[in-house]
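*Asks:* I'd like to go over a predicted model; first the sequence, then the structure.
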Amino acid sequence: MKHCEDIPVSAADDRIRDQLENGRTSLGIELGSTRIKACLVGEDPADVIAVGSAAWENEYVDRTWTYSLDAVESGLRAAYADLVADVERRYGVQPATFGAIGVSGMMHGYLAFDADGELLVPFRTWRNTSTGAAAAELTELFGVNIPLRWSIAHLHQAVRDREAHVPRVHAITTLAGYVHERLTGRRVLGVGDASGMFPIDPVTRDYDAALVARYDELIARSPLSRPLAELLPEVRVAGQPAGELTPEGAAWLDPTGRLRPGIPMCPPEGDAGTGMVATNSVAPRTGNVSAGTSIFAMVVLERPLPRVHEEIDLVTTPAGDLVAMVHCNNGASELAAWAEVFGRFAAASGSPADSDAVFATLLTEALSGEPDAGGVLAYNHLAGEPIVGLAEGRPLVVRTPGSRLTLANLMRAQVYGVFATLSIGMRILAEEGAALDEMYAHGGIFRTAGVAQRFLAGALGAPVTVAETASEGGAWGIAVLASYLSEAGRIDLDGYLRERVFADAAFATAAPDAGDVAGYADYLQRYRAGIAAEAAAAAAL
């Protein structure tokens with residue numbers, strides 16, 4: 001993958017400027033949990049020619065994790081403006097159009113609107129775990145695992161609780177679906193994002209019609225006034241058109257008035273789907289791990305799993321192929337908090353360092369830690385974590401008097417803590433015989449070469465590959481899906497990625513180290529036993 005800073009501007013100027021001025025580029029925007037990122041690629045989707053971003057944070061209001069729609073709007077505009085400024089700084093061009101645009105965002109959650117398009121209750125994000133009763137009832141009804149964070153679980157919990165807004169629900173969608181509708185006027189979702197709302201039939205690549213009918217029968221006497229099919233967005237697979245940027249949408253994203261309407265838009269996708277694209281893992285027997293505020297692993301299945309597991313979600317690739325997903329609500333946020341502490345210590349001692357340098361130093365130090373982290377345990381649960389049975393999280397560092405507390409062991413324990421809950425779910429998937437030839441990883445934690453990648457290989461007992469796109473993530477992935485719009489008629493998504501996007505990509509693979517595998521197994525055994533301490537802390541504090 002060729003980044004814009006890797007190409008001498010004198011050599012690239014004319015070629016890129018021509019693409020920019022004539023709209024032969026593809027724009028991807030992803031709303032992540034802490035940053036909204038924009039990524040612009042050229043005619044070659046492996047060429048990143050400009051980037052932009054804006055920071056934002058979820059809020060915990062009335063015991064609900066949420067983002068306001070005002071924050072969505074302001075954050076999108078800021079990220080887009082930052083990208084435009086990057087284009088102008090590099091190439092002296094202010095882009096007014098693109099060949100295609102795509103939007104992606106955090107999956108799941110609950111955005112419910114009335115017939116006038118007004119939000120009925122604050123956005124309930126994937127981090128909320130208040131849907132246990134609804135998820136359990138629907139899992140039994142459907143014979144399919146319905147996780148707490150899925151949109152249908154949120155809707156049904158509101159129905160069960162007879163919330164006042166339920167009779168007025170006219171439509172529900174995801175974060176990416178909401179933004180896409182604001183830009184195009186179309187209530188559409190990519191199949192991967194839709195698969196986090198309601199189960200998908202892998203044959204029709206649409207909502208499972210039999211389960212939709214079963215749900216309608218269940219809530220026939222409830223206050224919900226519309227059948228489920230009318231509440232859910234339409235489903236599209238990768239490469240299918242999903243509308244065009246409207247004049248209203250262009251003005252909403254770019255209040256300067258420079259951006260022109262009429263730009264084709266690909267189906268909006270979830271961060272799981274864009275992670276699969278960004279790691280070239282949309283074919284059966286491939287998988288990927290995405291690490292950020294949450295962490296999840298995806299394995300593209302050759303056949304359905306034989307049994308239902310509450311730790312395993314069944315979702316799809318952006319092309320609609322069945323995927324087993326292990327999703328954990330808590331990823332690298334606690335590690336980042338520790339990095340901030342040590343960064344502040346460095347500044348207070350007169351040796352300030354930027355956040356990337358702090359992370360690199362701490363992660364590199366972890367390499368010299370003992371394979372089992374010296375008896376130190378780190379729990380990263382800021383929010384509830386269903387896989388380990390926690391309704392609420394309480395981050396902890398736990399050790400016995402005989403443990404060996406060193407900086408290296410502490411940091412190895414923190415990195416292990418990022419992967420621990422994930423590895424519990426992955427062990428279940430392995431027991432079900434899900435075949436996996438390649439596991440790719442991406443996310444900021446993998447930017448420090450050879451550390452988190454090595455520890456993840458030890459945690460999974462399998463080789464882990466990181467591409468040079470590892471830190472680009474979903475914004476680049478959705479830009480690639482946007483570029484695929486014009487090619488879908490001649491090639492499938494897997495072929496497009498292999499032939500057009502990753503043909504010349506550089507990869508680094510870490511095989512599991514036997515010492516790491518054994519040490520991590522000891523760590524995980526103690527970790528699982530110690531979860532009771534965290535549950536006690538959650539009950540007491």
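*Replies:* On my side now, so go ahead. Numbers count the residues shown, from 1 in each chain.

*Asks:* CA atoms for contacts and neighbours, from now on please.
*Replies:* Fine.

*Asks:* What mean pLDDT does the longest helix along the chain get?
*Replies:* In the chain, assigned by DSSP state H, the helix with the most residues is helix 514-540. Computed over helix 514-540, the mean pLDDT rounds to 96.

*Asks:* and R90, how many neighbours does it have?
*Replies:* Other residues near R90 come to 16 when the count uses other C-alpha atoms under 10 Å.

*Asks:* What residues sit buried inside stretch 210-222?
*Replies:* Neighbour-count burial for stretch 210-222, counted by 16 or more other C-alpha atoms under 10 Å, picks out L211, V212, Y215, D216, I219.

*Asks:* ok now the longest helix of the chain, how far from the chain's centre?
*Replies:* Put simply, helix 514-540 sits 25 Å off its chain's centre (C-alpha atoms, centre = their mean, to the nearest Å).

*Asks:* Identify each buried residue in that helix, please.
*Replies:* For helix 514-540, burial by neighbour count (16+ other C-alpha under 10 Å) applies to 516-521, 523-524, 527, 530-531, 534-535, 538.

*Asks:* ok, now stretch 320-337?
*Replies:* Buried residues in stretch 320-337, counted by 16+ other C-alpha under 10 Å: 320-336.

*Asks:* any idea how far A100 is from A38?
*Replies:* According to C-alpha to C-alpha, to the nearest Å, A38 and A100 sit 13 Å apart.

*Asks:* of these two, who's got more company?
*Replies:* For A38 versus A100, the count of surrounding residues by other C-alpha under 10 Å is larger for A38: 30 against 26.

*Asks:* ok, now which ones touch the more buried one?
*Replies:* Applying C-alpha atoms under 8 Å, 6 or more residues apart in numbering to A38 gives the contacts L27, G28, I29, E30, V51, G52, S53, A79, Y80, L83, A475, W476.

*Asks:* At which residues are the strands of the stretch 1-150 of the chain located?
*Replies:* Using DSSP state E, counting those that start in this stretch, the strands of the stretch 1-150 of the chain run over residues 2-3, 26-31, 35-41, 47-55, 59-61, 64-66, 100-105, 111-113.

*Asks:* Please compute how far the fourth one lies from its chain's middle.
*Replies:* Read it as strand 47-55. Strand 47-55 sits 17 Å away from the centroid of its parent chain (C-alpha atoms, centre = their mean).

*Asks:* hmm, who's touching that strand?
*Replies:* For strand 47-55, contacts defined as C-alpha under 8 Å, 6+ apart pick out 1-4, 16, 34-42, 75-76, 78-84, 86-87, 476.

*Asks:* buried subset of those residues?
*Replies:* Among the contacts of strand 47-55, those classed as buried by 16+ other C-alpha under 10 Å are 1-2, 4, 16, 35-42, 75-76, 78-84, 86-87, 476.

*Asks:* if we can go back for a sec, which of the strands of the stretch 1-150 of the chain sits closest to E432?
*Replies:* For the strands of the stretch 1-150 of the chain, the distance to E432 is smallest for strand 100-105, at 30.0 Å, taking C-alpha to C-alpha.

*Asks:* Between A38 and A100, which contacts overlap?
*Replies:* Taking C-alpha under 8 Å, 6+ apart as the criterion, A38 and A100 both touch L27.

*Asks:* related to what we said a few turns ago, quick one: which of the buried residues of stretch 320-337 sit in helices?
*Replies:* Per DSSP H, those map to helices at S333, E334, L335, A336.

*Asks:* what's the pLDDT at the first one?
*Replies:* Spelled out, that is S333. What the model reports for S333 is a pLDDT of 93.

*Asks:* tell me, how many neighbours does the closest residue in space to it that isn't next to it in sequence end up with?
*Replies:* Take S333 and drop its neighbours on the chain: the residue closest to it by C-alpha to C-alpha, 6 or more residues apart in numbering is T293, 5.3 Å away. Close neighbours of T293, defined as other C-alpha under 10 Å, add up to 20.

*Asks:* any idea how far T293 is from P95?
*Replies:* Separation of T293 from P95 (C-alpha to C-alpha) stands at 32 Å.

*Asks:* go on, L493?
*Replies:* The spacing between L493 and P95, counted by C-alpha to C-alpha, is 28 Å.

*Asks:* What of A360?
*Replies:* Here the distance between A360 and P95 works out to 36 Å (C-alpha to C-alpha).

*Asks:* Who has more neighbours out of the two?
*Replies:* Neighbour count, other C-alpha under 10 Å: between A360 and P95, P95 has more, with 21 against 17.

*Asks:* Give the closest residue to that one in space, chain neighbours not counted.
*Replies:* Residue nearest to P95 in three dimensions, not counting chain neighbours: L20, with 6.1 Å by C-alpha to C-alpha, 6+ apart.

*Asks:* contacting residues around that neighbour?
*Replies:* By C-alpha under 8 Å, 6+ apart, the contact list for L20 reads V93, P95, T97, F98.

*Asks:* Can you lay out the residues you listed as a markdown table showing distance to R236 and pLDDT?
*Replies:* Shown next, in a markdown table, are these (distance: C-alpha to C-alpha, whole Å; pLDDT from 0 to 100):
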| residue | distance to R236 | pLDDT |
| --- | --- | --- |
| V93 | 34 | 93 |
| P95 | 28 | 95 |
| T97 | 24 | 97 |
| F98 | 21 | 98 |
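
*Asks:* top of these by neighbour count?
*Replies:* F98 (24 neighbours).

*Asks:* So that residue sits against L27, correct?
*Replies:* Yes: here F98 reaches L27: they are 6.8 Å apart, a contact under C-alpha atoms under 8 Å.

*Asks:* could you give me the average pLDDT of stretch 235-254?
*Replies:* For stretch 235-254, the mean per-residue pLDDT is 98.

*Asks:* Quick check: end-to-end length of it?
*Replies:* This stretch, stretch 235-254, spans 27 Å end to end (C-alpha to C-alpha).

*Asks:* buried set for it?
*Replies:* For stretch 235-254, the neighbour count (16+ other C-alpha under 10 Å) marks 235-246, 249-254 as buried.

*Asks:* Backbone torsions only: list them for P318.
*Replies:* phi -60, psi -20 (degrees, to the nearest 10).

*Asks:* what's around it, how many residues?
*Replies:* Residues near P318, counting by other C-alpha under 10 Å, number 29.

*Asks:* residue nearest the centroid of this protein?
*Replies:* Taking C-alpha atoms, centre = their mean, the centroid of the chain lies closest to D271, which sits 3.3 Å from it.

*Asks:* That one reaches S104, doesn't it?
*Replies:* Yes: using C-alpha under 8 Å, D271 is in contact with S104, at 6.2 Å.

*Asks:* Return every residue with contacts to both of the two.
*Replies:* Counting by C-alpha under 8 Å, 6+ apart, the shared contacts of D271 and S104 are E30, G474.

*Asks:* That's all I had, so thanks and see you.
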